[in-house]
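[1] this one's sequence-less:
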């Protein structure tokens, strides 16, 4: 390496030097908050949800903003170049079992999901979407470059901007799910690199890949949205939320015991907060169904307790503020431990108000049926739900077979948006607004026919089947207790991504299981077999023709005769007849 | 590719005889051997300011792509690349001040232009500015003013003064002998300093032409590209102890932007900055007891960049090369940190640069007291000190380096733009040559690809891009030869764009084409059984032929 002493330009800078290199420190224009939420699940597993929020009081779309501090440069450049209003990307391995685990704080479908709202100044949304997904694919090492027109849809009602938006023209929205995507460490590393403290300090120290992927559910996400800078909301700030949810299994990680600690989960403990963070907290969900006896014991004793109403439920959280000097007085590291006071019978599973399941039925390789079951377990309240189905073009839906039944009666949706598929160009999109009566199960069935693909269109390992992306349920679920509106800046991060419309209901988005459908799959070695067979036949024919054409036939005089002739001659000799 | 520069060139500039503004002069330049001769042919005499326009001709052999055989869609194309000559011409005007030449010599001047100039010039800086409107306002055109030996315009001991723009003032050399020849030699020297030398052109071609004898300096500049991303990164590996702030926005608009504005015709630039925390260098520095400081030796510098680079990230939104400038504030336990050069002496600027990558500067923080309670320590970076270094590195990375000049040359400082007009010209000369060489190699690779895969399809638009690239490259070379630097550079840029577009066309992916040997493999089941009777009958024919040969001997 050549290296030079740069002493050339002393005089260069004499002219036109701007003053004020040591100016007064203004208010920080960007801030970072990090938090970890540990919530024991009814099944005995434990969910750990990390949220890192970088907030930047800057207008990214203005020309010339190119100086980044806490906000990652790669994402900032992306937003300003492609005029993105909102970007939500999630990469998930595993399936969140809503029925046994309860409502997730951050929902994500299995595989990769990307939905983006563009600014209204974008002229060619499809082109921007294509380029954006390609670049995101590079940033996150994911196969997002496989997003094309055959798996992109524009939902009309299901996905509304989560941040500040006055434009809700759904033509600026693009949504795509890749259910086949497999998430692994190569996706986690670039995600961690976007954090200001990387994984060197703060809560991110716990993000050890070998532990995070040894779980039954792993979901990492990036949410970028514009938010109000202050209460008056005259200017815009940008918010980047990086979230990561993992579910540790009782049996594989916890050795059958339901007692958890940070060390047991992550094989590390927390020693310090990220020095750049303005807030760094660990929340532990210690709420119990019955107020009189607490079931959970948390050590070390929490410094404070926070009560919040989350998803229609009042929850109590033990809070460890890593920035508080009291916390690390006793010991140098913090290892939060959860102990159950008495062996809890696992039968008190409270099923969530809304959950769903989906399956594919039918036999043979020609037709089939997709059935979706939506459960409303609310004892007395009915509420509507928006169902979004995206089905690839090679499953040809018969819309006339769409049947929605609730309690044995037909349920007529109040809104249907159906966009039929075009072969090799776009998928089916079906959006419906369905009223769910109280305490009911709604069954939605639709029949389809399997299309034949060209032989190049089959994915590798086609006998594995083809994935159908999960359907999306969005609903405002009525809550049992009234929630009071809280200041979004003060409340914990996990409560504030989805806006709650009013105090009486809360927003829930659910994803069903992805489906695996077998398509009629040809024998891919057949062409070669056919070639071999026909070639052999042709060659044999050719050989005999060749022999016929090239062989010269001439009458051969019998010289000695065959064995039969000799035998005949011997017999003739014996009989005294002249030989042949 | 070989590179030959030992060529004589004698170019005569034929101007209209009636045009009183021109004279005839012939420069015969022998550039590679260092013994330059300039011959001034005789002409009519004159007085006052003379406007002359001789041509300094440097001839360099390079490569030229010529496209042969691309005829419409789907045609098989073949590019043959011929070695051709680069001919670079610098228009130089030599202006003689009144009294600069002795009378006898004046008579020998080729032509006289009686354009009187009455300005009273006292200081050299004034002269530089005042003479600006008199010059031709075109890229690459130089003007040399010859003033009398005794003129007080230049300070003592300074023979040549090179201004900020495209002009130089020289003292007329005194003494016995041919003054004009001495003037010519001096002019040649000035022109080489202000435009190009053989070495600079060689260096520009070095990336395309394998050459061993080049030093590290030639490999330092960035390759010619249509745009560059400049990223300033502040690395703070220890945010617990240092709360580092830098006013990068003001520094960029104050120092970097004027420089880049000046270079705007060369390429597109975008500047951004970021702060990276917990980004550490790849090597741990050595503690030096004598100075109670930490030392990063020159030998370990190559290992410094790699771990940092993973964090830097490339630009997400453009494909241009990235120039990285890192300001590294060492950890508290490792400060102060100094860079040592190969001889063991500390480097004054505490900075180093990596060729074609960028630069790193170590910025030490003073620790007033080892008091833990006061941490983190707020640090406001002195951007003037930092930007001085980064701008110097930026100049090096663009190949705007100092030319070795004789003692008596005095250079004007480039001012707040950081770049003089003639330095820009120098850059443009080399960039134009480099662009043409790039086009040539790109088209050669394309031709090689076409040779390799016979049935590749060249679409109409690809063919037209190739035609356009060749035409633009030829235009660029013509313009270079006629001394129009600006248009030559533009043409070479267009040629690069077209050739790259043709080369990277997705239809030319060689994986799209099925290799012939595999086609053969598929039909083996046909060929093999068919070959059996043919071979058998061949054997039979041979046997019969042998027998028929034997038979006559039998009858004998």
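    Cool, got the structure. Bear in mind the structure is a predicted one, so any value in this text is a computation, not a measurement.
[2] quick one: mean pLDDT for the host helix or strand of residue B:437?
    Assessed by DSSP states H and E, residue B:437 sits inside helix B:421-452. Averaged over helix B:421-452, pLDDT sits at 84.
[3] assumed residue B:389 was part of a strand.
    No. Applying DSSP: H, G, I helix; E, B strand; the rest coil, one finds residue B:389 to be helix, outside a strand.
[4] elements contacting the helix holding residue B:437?
    With contacts taken as 3 or more Cβ pairs under 8 Å, 6 or more residues apart in numbering or on different chains; DSSP states H and E, helix B:421-452 sits against strand B:55-68, strand B:78-96, helix B:179-194, helix B:198-205, helix B:460-481, helix B:485-503. Every C-beta, even on glycine, is put in place using the N, C-alpha and C of the backbone.
[5] how about a cut-off of 7 Å?
    Under the contact criterion of 3 or more Cβ pairs under 7 Å, 6 or more residues apart in numbering or on different chains; DSSP states H and E, helix B:421-452 touches strand B:55-68, strand B:78-96, helix B:198-205, helix B:460-481, helix B:485-503.
[6] go through the ones you listed and find the least confident stretch.
    Among the helices and strands packed on helix B:421-452, strand B:55-68 scores lowest, at a mean of 31.
[7] and residue A:395, how close does it get to chain B?
    Distance, residue A:395 to chain B, using Cβ to the nearest Cβ, to the nearest Å: 30 Å.
[8] cool, residue A:363 as well?
    With distances taken as Cβ to the nearest Cβ, residue A:363 is found 37 Å from chain B.
[9] repeat for residue A:463
    24 Å.
[10] hmm, residue A:521 and that residue touching each other?
    Yes. Between residue A:463 and residue A:521 there is a contact at 5.6 Å, judged by Cβ atoms under 7 Å.
[11] and the two? which has more neighbours close in?
    Counted by other Cβ atoms under 10 Å in any protein chain shown, residue A:463 and residue A:521 do not tie: residue A:521 has more neighbours, with 17 against 9.
[12] in space, what's closest to that one - neighbours in sequence excluded?
    Excluding its sequence neighbours, the residue lying closest to residue A:521 (Cβ to Cβ, 6 or more residues apart in numbering or on different chains) is residue A:462, at 4.7 Å.
[13] and the one you found, how many neighbours?
    Residues within reach of residue A:462, counting by other Cβ under 10 Å, total 17.
[14] same check, this time on residue B:513
    Neighbour count for residue B:513, taken as other Cβ under 10 Å: 14.
[15] low-confidence stretches in the stretch 201-350 of chain A?
    A:288-294, A:342-349 (pLDDT under 70).
[16] which parts of it sit against chain B?
    Applying Cβ under 7 Å from any Cβ of the partner chain, we find that the stretch 201-350 of chain A lies next to chain B at A:201, A:275-276.
[17] let's go with 10 Å and repeat that
    A:201, A:204, A:272, A:274-276 (Cβ under 10 Å from any Cβ of the partner chain).
[18] if I read this right, residue A:451 contacts residue A:397, doesn't it?
    No. Under the criterion of Cβ atoms under 10 Å, residue A:451 is not in contact with residue A:397, lying 11.1 Å apart.
[19] pull up the overlap in contacts between these two.
    Shared contacts of residue A:451 and residue A:397, defined by Cβ atoms under 10 Å, 6 or more residues apart in numbering or on different chains, comprise residue A:421.
[20] neighbour count winner among the two?
    Set residue A:451 next to residue A:397 and count neighbours by other Cβ under 10 Å: residue A:397 wins out with 21 against 16.
[21] could you tell me whether the more buried one really is in a helix?
    No. Going by three-state DSSP, the assignment for residue A:397 is strand, not a helix.
[22] who in the stretch 51-200 of chain A is up against chain B?
    Counting by Cβ under 10 Å from any Cβ, the positions of the stretch 51-200 of chain A adjacent to chain B are A:64-82, A:131-132, A:135-136, A:138-139, A:189-190, A:193-200.
[23] and for whichever residue of the stretch 351-500 of chain A sits closest to chain B, the neighbour number?
    In the stretch 351-500 of chain A, the residue that lies nearest chain B is residue A:456 (12.9 Å; Cβ to the nearest Cβ). Burial of residue A:456 is recorded as 5 neighbouring residues (other Cβ under 10 Å).
[24] can stretch B:344-352 be found next to chain A?
    Yes. Contact between stretch B:344-352 and chain A, assessed by Cβ under 10 Å from any Cβ, occurs at B:345, B:347-352.
[25] what's the most distant pair in those?
    The span of those, defined through Cβ to Cβ, is set by B:345 and B:351 at 14.4 Å.
[26] those two: which has the busier surroundings?
    Neighbours were counted for residue B:345 and for residue B:351 using other Cβ under 10 Å; residue B:351 has more, 27 against 10.
[27] with adjacent residues omitted, what lies nearest to the more buried one?
    The shortest distance from residue B:351 to any non-neighbouring residue, by Cβ to Cβ, 6+ apart, is to residue B:361 (3.8 Å).
[28] give me the local confidence score for residue 145.
    Using chain A here. 92.
[29] actually, chain B is the one I wanted.
    Per-residue pLDDT puts residue B:145 at 79.
[30] out of the residues of the stretch 51-200 of chain A next to chain B, which end up buried?
    A:65-82, A:132, A:135-136, A:139, A:190, A:193-200 (16 or more other Cβ atoms under 10 Å in any protein chain shown).
[31] so which of those are in helices?
    A:73-82, A:132, A:135-136, A:139, A:190, A:193 (DSSP state H).
[32] residue A:515: which of those residues is nearest?
    Closest to residue A:515 out of those is residue A:136 (25.3 Å), distances taken as Cβ to Cβ.
[33] spit out the contact partners of that closest one.
    A:74-75, A:78, A:87, A:89, A:112, A:114, A:116, A:142, A:144-145, A:147, A:222, B:316.
[34] at 7 Å instead, please
    Applying Cβ atoms under 7 Å, 6 or more residues apart in numbering or on different chains to residue A:136 gives the contacts A:89, A:114, A:144.
[35] element containing the first one, please.
    Secondary structure assigned from DSSP H and E places residue A:89 in strand A:84-93.
[36] thought residue B:313 was touching residue A:74?
    Yes. Between residue B:313 and residue A:74 a contact is recorded at 5.2 Å, counting by Cβ under 7 Å.
[37] nothing else from me, thank you.
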